[in-house]
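Undergrad: Need the 3D shape of this:
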Amino acid sequence: MSQIAPTSADEPKPKRLGGRPKKEPGEKLKSVTTHVSLARYEELEAGASAVRQPLSQFVRPLVEAGVKARKRPVLQLSVEQDGYLRQLAGMANNLNQLSKRAHQSGFAAVAQEVEAQAATLDRLLDYFADMV
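TA: Numbering: from 1, shown residues only. Below you'll find the predicted structure:
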C-alpha cells in the first residue's frame, strides 16, 4: 500500500497576525476623569489652543508634574479613627475647663480629673502614633 500525502486542505492554515501589535503593560494609558470650574476649564482650553495641542495632551504633563511634587496622600480615616479624633477635640475642651477650674479653686481640687484626662490622652496619642 502506498501512503497518501496530506493535501493542502488537510493542513492547518497559519494564523494571520493582522491588526495593530499589542502594547506592553507599561505603555498602556488609563483614563482619569475630573471636574474643574468653568473658569479653569477655559484657562486650560486657551493654553491648549495656544500651543495647538488637544486638551488631554496639554493637561497630562501638568498632572504628572503635580503627582510627582505631592509628598504624601492624605489618609482617609475610618469611622473609628474619626471618632477618636472627635474624642481628642472634646478632651481639649475638657482640659481647658479643668484649667479654668484649677485657677479658680486650686489644682488639688481637679488633680484626679486631670490625671484621668492625661491617661486617656496618652492612650489616644499612642493609637495615632502607631498608625503613622
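Undergrad: What residues does the spatially closest residue to Tyr84 that is not a sequence neighbour make contact with?
TA: Leaving aside its sequence neighbours, Tyr84 sits nearest to Leu124 (Cβ to Cβ, 6 or more residues apart in numbering; 5.7 Å). Heads up, the C-betas are built off the backbone N, CA and C, glycines and all. With contacts defined as Cβ atoms under 8 Å, 6 or more residues apart in numbering, Leu124 is in contact with 84, 87-88, 91.
Undergrad: Same check on Gln104?
TA: So Gln104 contacts nothing (Cβ under 8 Å, 6+ apart).
Undergrad: For Asn93, see how far away it is.
TA: Using Cβ to Cβ, to the nearest Å, Gln104 is found at 17 Å from Asn93.
Undergrad: next one: Ser37
TA: Taking Cβ to Cβ, one finds Ser37 at 37 Å from Asn93.
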